[in-house]
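A.B. asks: need a structure here:
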Amino acid sequence: MESNGFYIKFNIKPSAPEFTNIKQGDNVTFRFVHEVKTGEKDYTVDDWVAISNDNKFYGVKNPDFFHKFYEKI
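C.D. replies: Residues are numbered from 1 along each chain as shown. Okay, here's the model as predicted:
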């Protein structure tokens, strides 16, 4: 993914939940942690928290990380 001249590579485990409500071309909010700088403007992300195509909701939550960063209200 390229954004403002920065390149971000996301590694998603095969056991990750399905992104059923997200379609190619959607604008999404991708919450992630532990990014690793791999070049001048390149980053790799292995640990994602949530991805959503609607800013009002968290969307698909990663069961490995979501509970560490967000509490149920």
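A.B. asks: all helices of this structure, in order?
C.D. replies: 66-69 (DSSP state H).
A.B. asks: which secondary structure element of this protein has the lowest mean pLDDT?
C.D. replies: The weakest-scoring helix or strand in the chain, judged by mean pLDDT, DSSP states H and E, is strand 2-3 (a mean of 70).
A.B. asks: quick one, strands of this protein?
C.D. replies: 2-3, 6-10, 29-33, 36-37, 42-45, 47-52, 60-61 (DSSP state E).
A.B. asks: okay, those in CSV with distance to residue 20 and mean neighbour count next?
C.D. replies: Every residue, glycine included, has its C-beta placed from N, CA and C. Formatted as CSV, the strands of the chain follow (distance: least, C-beta to C-beta, whole Å; neighbours: other C-beta atoms under 10 Å):
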stretch, distance to residue 20, mean neighbour count
strand 2-3, 24, 8
strand 6-10, 17, 14
strand 29-33, 16, 15
strand 36-37, 28, 10
strand 42-45, 21, 15
strand 47-52, 11, 19
strand 60-61, 8, 18
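A.B. asks: and those strands as a markdown table, adding distance to residue 19?
C.D. replies: Output for these, formatted as a markdown table (distance: least, C-beta to C-beta, whole Å):
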| stretch | distance to residue 19 |
| --- | --- |
| strand 2-3 | 18 |
| strand 6-10 | 11 |
| strand 29-33 | 11 |
| strand 36-37 | 22 |
| strand 42-45 | 15 |
| strand 47-52 | 6 |
| strand 60-61 | 5 |
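A.B. asks: residue nearest the centroid of this structure?
C.D. replies: Nearest to the mean C-alpha position of the chain, by C-alpha atoms, centre = their mean, lies residue 30 at 3.7 Å.
A.B. asks: flag the shaky bits of the protein, pLDDT-wise.
C.D. replies: 1-2, 72-73 (pLDDT under 70).
A.B. asks: cutoff 50 now
C.D. replies: Within the chain, the set of residues satisfying pLDDT under 50 is empty.
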